[in-house]
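Student: Quick one, fold the following:
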Amino acid sequence: MTLVALPLTVVMTNASLGREILEYLAREPEAKDTLQGIVDWWLSSTRSKSRREEVRELLEDLVKRKWVTVTEAGTRTVYGLAKDRLCEVEEYLRGERKP
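Tutor: As a prediction, the model looks like this:
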C-alpha cells in the first residue's frame, strides 16, 4: 500500500483536527512534541488514537506550509510552531487566510 500525502487544502478542510493543533500552538507557541505526544497531550480526549496516521499526514503538510517546524532529536522527530509564521497561523484561525 502506498501512502499519498494529501495537499494542505484537502487536509485542512477535512476536519477540525488541524485547527485544534494550530489553536494549541497559537496558545502555546513554545510547545514542542513528538507525534505520539501530540496525539496524547495536545488533542482533546475525544480524539481517537487511531487517528495517528491522519495527524502525521497533517503535520507533514503543516511543515510544508512552514507553519510547523520539525527537528530530529536523536531517534525522535519533534514538531513545534514556526514562530515567524505565528501571524499567518492566527490569521488562518480567524478565517482571514486560506490554508
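Student: which residue is nearest the middle of this protein?
Tutor: In the chain, the residue lying closest to the centroid (CA atoms, centre = their mean) is Leu59, at 4.2 Å.
Student: Need the pLDDT of that residue.
Tutor: Listed pLDDT for Leu59 reads 95.
Student: Could you tell me whether it really is in a helix?
Tutor: Yes: counting by DSSP: H, G, I helix; E, B strand; the rest coil, Leu59 is located in a helix.
Student: for the protein, which spans come out with low pLDDT?
Tutor: Scanning the chain for pLDDT under 70 picks out 1-15, 45-50, 99.
Student: mind listing the helices for the chain?
Tutor: With helices called from DSSP state H, the chain shows them at 8-14, 16-27, 35-37, 52-64, 86-93.
Student: Could I get the buried residue list for the second one?
Tutor: So the one you mean is helix 16-27. Judged by neighbour count using 16 or more other CB atoms under 10 Å, the buried positions of helix 16-27 are 17-18, 20-22, 24-25. (Glycine included, C-beta is placed from N, CA and C.)
Student: So Lys83 versus Thr69, what's the distance?
Tutor: Distance from Lys83 to Thr69, counting by CB to CB, to the nearest Å: 9 Å.
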